[in-house]
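Engineer: 3D model of this:
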Amino acid sequence: MANAMRDALTQVLVREIDGFTSLESCQQLTAGASQETYRIVLNSQSGQQQLALRRAVPTNTQEGGVGSIGLEAEAQLFKLAGRNQIPAPQVVYVLQPDDQLGAGFLMQWLDGETLGQRINRSDELAEVRPLLARQCGEILGRIHSLDWQQAGLDEQLTQVDAATLVDETFAVYRELDIPAPMIDYCWRWLKANLPSNTRVSLVHGDFRNGNIMVNPQGINAVLDWELAHLGDPARDLGWLCVNSWRFGNREKPVGGFGELDDLLEGYRASSGITITAEDIQYWQVFGSFWWSITTLTMANSWRTGETPSLERPVIGRRSSEAQMDCVNLLIPGAFELPEVTTNIAAGTALPMPAELIEGVAAFLKTDVASTLTGRDAFLARVGANSLGIAQRELLYGTDLANAEAQRLQQLLKETGKLDELRWALSNRLREDFPLDTRALTEHLRNTVAGQLFIDQPKYSALHPTASTAGHRT
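Structural biologist: Residues are numbered from 1 along each chain as shown. This is a model prediction of the structure:
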């Protein structure tokens with residue numbers, strides 16, 4: 001932490017914390033494109049205390065991304081939640097311009113688990129895990145019952161309907177200027193199946209496994225309100241059930257830890273409103289559609305130099321995960337994958353490219369990562385993952401691309417380079433190409449599955465024996 005920030009933070013703590021004596025430490029935990037989170041340890045006359053600081057990135061020209069609210073509004077939502085039996089950390093102080101720390105707020109530090117994989121697998125949470133889906137439903141019912149007008153949030157939150165969300169998300173994809181026909185297909189389907197008879201409430205916007213804090217007693221905090229808005233409350237329940245946030249446990253449709261009936265019953269018990277599985281299926285499709293595009297925008301921010309990062313290009317490869325989830329929701333069926341080769345040499349010269357890649361990836365994953373801690377160890381594993389993707393591209397990419405081109409030529413009745421054919425299909429899908437064309441759905445299913453085989457072959461959507469909870473055709 002820079003001295004200027006430490007001095008400014010110390011001045012705030014002297015003024016706002018009773019009996020403050022010294023700042024022990026201020027450790028940065030996360031650093032997103034727009035917001036940072038710090039863990040603060042301080043000493044006071046009553047003993048050592050911990051706080052969390054959430055603030056906007058100082059060099060960022062906006063307080064958040066598209067659809068994000070300001071941190072002052074997020075602090076207000078934390079306060080509103082705490083007053084209405086919604087687990088949330090207590091806000092201690094909202095930063096002011098004179099504090100020289102940017103936009104943000106100090107809040108109570110809570111202990112609990114926030115990592116989705118650990119929530120789903122930790123032995124410590126084994127007893128409470130079966131109760132989490134109902135608790136999520138109860139909490140969402142209370143969130144959606146909040147009187148946002150009385151709280152004065154109607155001027156700070158954007159109201160948006162399903163049609164606008166779909167079009168705004170699709171516009172972001174169009175701006176990337178890349179052909180991804182499955183995304184075009186989803187856009188057409190979402191436009192044709194817009195939900196009716198919806199109501200308007202406060203929507204959290206990012207309520208999912210990974211944004212809740214869990215301890216052995218249950219959920220003790222709902223975090224990250226930065227995407228809050230006014231809209232269809234079913235969106236929150238659908239997002240919680242998106243396969244990306246089940247962390248490999250596709251059999252449990254609610255966050256990878258619970259059952260849909262428990263979620264819906266908890267929601268009915270706390271809100272008095274019945275929401276059905278059919279009501280949230282649309283938002284499951286939208287959630288995967290949105291995530292497939294959002295991951296591409298993250299990769300693009302790296303490619304343009306806007307966000308230098310080892311993670312961003314790998315995150316871009318996760319688009320195929322979300323696209324495959326859309327395949328399983330909308331056009332499920334059989335698909336073919338390459339035979340896994342054990343002969344990565346694929347030639348007589350030594351060493352071949354795939355062998356070189358495997359050697360470096362193994363070095364990063366085992367030797368390097370094991371000697372590092374925290375974020376450095378994580379980045380070593382990210383680097384190994386990047387090399388694994390490149391290796392699979394070398395081994396299988398040419399055959400998959402040739403098969404894709406042949407299918408496109410037959411489907412479109414035209415010839416051309418692969419990228420030209422992809423563009424041709426995307427453009428036709430944006431117009432009136434019939435979505436129920438068998439050759440189209442077979443092509444999309446095989447193409448997305450092939451890409452996912454390269455990007456992340458262990459992703460649960462590639463395993464056809466898994467449950468297809470939420471499947472809709």
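
Engineer: And the helix or strand harbouring residue 406, what's buried?
Structural biologist: Per DSSP states H and E, residue 406 falls inside helix 374-412. By neighbour count with 16 or more other CB atoms under 10 Å, helix 374-412 contains the buried residues 379-380, 382-396, 400, 403-405, 407-408, 411-412. All C-beta atoms are positioned from the backbone trio N, CA, C, and that covers glycine.

Engineer: now swap in stretch 207-220 and tell me
Structural biologist: So for stretch 207-220, counting by 16+ other CB under 10 Å, buried means 207-214, 218-220.

Engineer: Do me a favour and get the end-to-end distance for that stretch?
Structural biologist: Start-to-end span of stretch 207-220 (CA to CA, to the nearest Å) is 14 Å.

Engineer: Let me see the mean pLDDT of that stretch.
Structural biologist: The average pLDDT for stretch 207-220 rounds to 96.

Engineer: List the contacts of it.
Structural biologist: Here stretch 207-220 makes contact (CB atoms under 8 Å, 6 or more residues apart in numbering) with 87, 110-116, 119-120, 124-125, 127-128, 131-132, 135-136, 139-140, 143, 221-224, 236, 239-240, 242, 245-247, 255-257.

Engineer: For the residue nearest to the spatial centre of the chain, give me its contacts.
Structural biologist: With distances taken as CA atoms, centre = their mean, residue 291 lies nearest the centre of the chain, 6.3 Å away. By CB under 8 Å, 6+ apart, the residues touching residue 291 are 242, 244, 318, 322.

Engineer: what does residue 242 give?
Structural biologist: With CB under 8 Å, 6+ apart, residue 242 has these contacts: 208, 284, 287-288, 291, 325.

Engineer: now, the most widely separated pair of these?
Structural biologist: With CB to CB as the measure, no two of the contacts of residue 242 lie farther apart than 208 and 325, at 13.7 Å.

Engineer: Looking at the buried residues of stretch 207-220, which is nearest residue 228?
Structural biologist: residue 207 (9.8 Å).

Engineer: The closest one is in what secondary structure piece?
Structural biologist: With DSSP H and E as the test, residue 207 turns up in no helix or strand.

Engineer: List of residues touching stretch 380-388?
Structural biologist: So stretch 380-388 is contacted by 310-311, 313-314, 357-358, 360-362, 364-365, 368-369, 372 (CB under 8 Å, 6+ apart).

Engineer: Now do the SS call for residue 48.
Structural biologist: What DSSP: H, G, I helix; E, B strand; the rest coil gives for residue 48 is strand.

Engineer: coming back round to it: inside helices: which ones of the contacts of stretch 207-220?
Structural biologist: Within the contacts of stretch 207-220, residues falling in helices by DSSP state H are 116, 119-120, 132, 135-136, 139-140, 143, 236, 239-240.

Engineer: In a markdown table, list the residues you listed along with neighbour count.
Structural biologist: A markdown table is the format used below for the ones in helices among the contacts of stretch 207-220 (neighbours: other CB atoms under 10 Å):
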| residue | neighbour count |
| --- | --- |
| 116 | 23 |
| 119 | 24 |
| 120 | 20 |
| 132 | 25 |
| 135 | 20 |
| 136 | 27 |
| 139 | 25 |
| 140 | 27 |
| 143 | 25 |
| 236 | 25 |
| 239 | 26 |
| 240 | 30 |
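
Engineer: ok, now which ones touch the residue nearest to residue 21 when sequence neighbours are not counted?
Structural biologist: Ranked by CB to CB, 6 or more residues apart in numbering and with sequence neighbours excluded, the top spatial neighbour of residue 21 is residue 43, at 4.8 Å. Counting by CB under 8 Å, 6+ apart, residue 43 makes contact with 20-24, 49.

Engineer: at 7 Å what do you get?
Structural biologist: 21-22, 24 (CB atoms under 7 Å, 6 or more residues apart in numbering).

Engineer: what's the spacing between the helix holding residue 406 and its chain's center?
Structural biologist: Relative to its parent chain, helix 374-412 has a centroid offset of 21 Å by CA atoms, centre = their mean, to the nearest Å.

Engineer: Export the helix or strand just after that helix to CSV, keeping only CA atoms.
Structural biologist: Using DSSP H and E, the helix or strand that directly follows helix 374-412 along the chain is helix 418-429. Presented in CSV, the C-alpha positions along helix 418-429 are these (Å, rounded to 0.1, in the frame of the first residue of the first chain):
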residue,chain,number,x,y,z
LEU,A,418,-13.8,-20.6,-42.3
ASP,A,419,-14.0,-17.1,-40.9
GLU,A,420,-16.1,-16.0,-43.9
LEU,A,421,-18.5,-18.9,-43.5
ARG,A,422,-18.9,-18.2,-39.8
TRP,A,423,-19.7,-14.6,-40.6
ALA,A,424,-22.2,-15.8,-43.2
LEU,A,425,-24.0,-17.9,-40.7
SER,A,426,-24.0,-15.2,-38.0
ASN,A,427,-25.5,-12.7,-40.5
ARG,A,428,-28.2,-15.1,-41.6
LEU,A,429,-29.1,-15.9,-38.0
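
Engineer: So which elements touch helix 418-429?
Structural biologist: With contacts defined as 3 or more CB pairs under 7 Å, 6 or more residues apart in numbering; DSSP states H and E, helix 418-429 has these neighbours: helix 181-192, helix 374-412.

Engineer: can you tell which of those helices is closest to residue 2?
Structural biologist: helix 374-412 (18.3 Å).

Engineer: what's the angle from that closest one to helix 181-192?
Structural biologist: For helix 374-412 against helix 181-192, the angle by axes from the mean of the first three to the mean of the last three CA atoms, to 10 degrees is 80 degrees.

Engineer: on that earlier part again, report the buried members of the contacts of residue 43.
Structural biologist: Buried among the contacts of residue 43 by 16+ other CB under 10 Å: none.

Engineer: Okay, now the unreliable bits of the protein?
Structural biologist: 1, 30-34, 57-67, 345-349, 464-473 (pLDDT under 70).

Engineer: Now do the strands in it.
Structural biologist: 20-31, 35-44, 47-56, 91-94, 104-108, 201-203, 212-215, 218-222, 229-231 (DSSP state E).

Engineer: Could you dump these into CSV with distance to residue 454 added?
Structural biologist: Below are the strands of the chain laid out as CSV (distance: least, CB to CB, whole Å):
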stretch, distance to residue 454
strand 20-31, 29
strand 35-44, 32
strand 47-56, 37
strand 91-94, 45
strand 104-108, 40
strand 201-203, 35
strand 212-215, 32
strand 218-222, 36
strand 229-231, 35
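
Engineer: Just tell me which of the ones you listed ends up closest to residue 352.
Structural biologist: Once the strands of the chain are compared by CB to CB, strand 20-31 is nearest, at 38.0 Å.

Engineer: Does anything pack onto the closest one? Which helices or strands?
Structural biologist: Applying 3+ CB pairs under 7 Å, 6+ apart, we find strand 20-31 packed against helix 3-16, strand 35-44.

Engineer: Show me how far it is from its chain's centre.
Structural biologist: Computed by CA atoms, centre = their mean, the chain-centroid distance of strand 20-31 equals 27 Å.

Engineer: swap in stretch 91-106?
Structural biologist: On CA atoms, centre = their mean, the centre of stretch 91-106 falls 27 Å from that of its chain.

Engineer: Now do the end-to-end distance for it.
Structural biologist: 6 Å.

Engineer: which of the residues in that stretch are buried?
Structural biologist: So for stretch 91-106, counting by 16+ other CB under 10 Å, buried means 91-95, 99, 101-106.

Engineer: Please consider this matter closed, and thank you.
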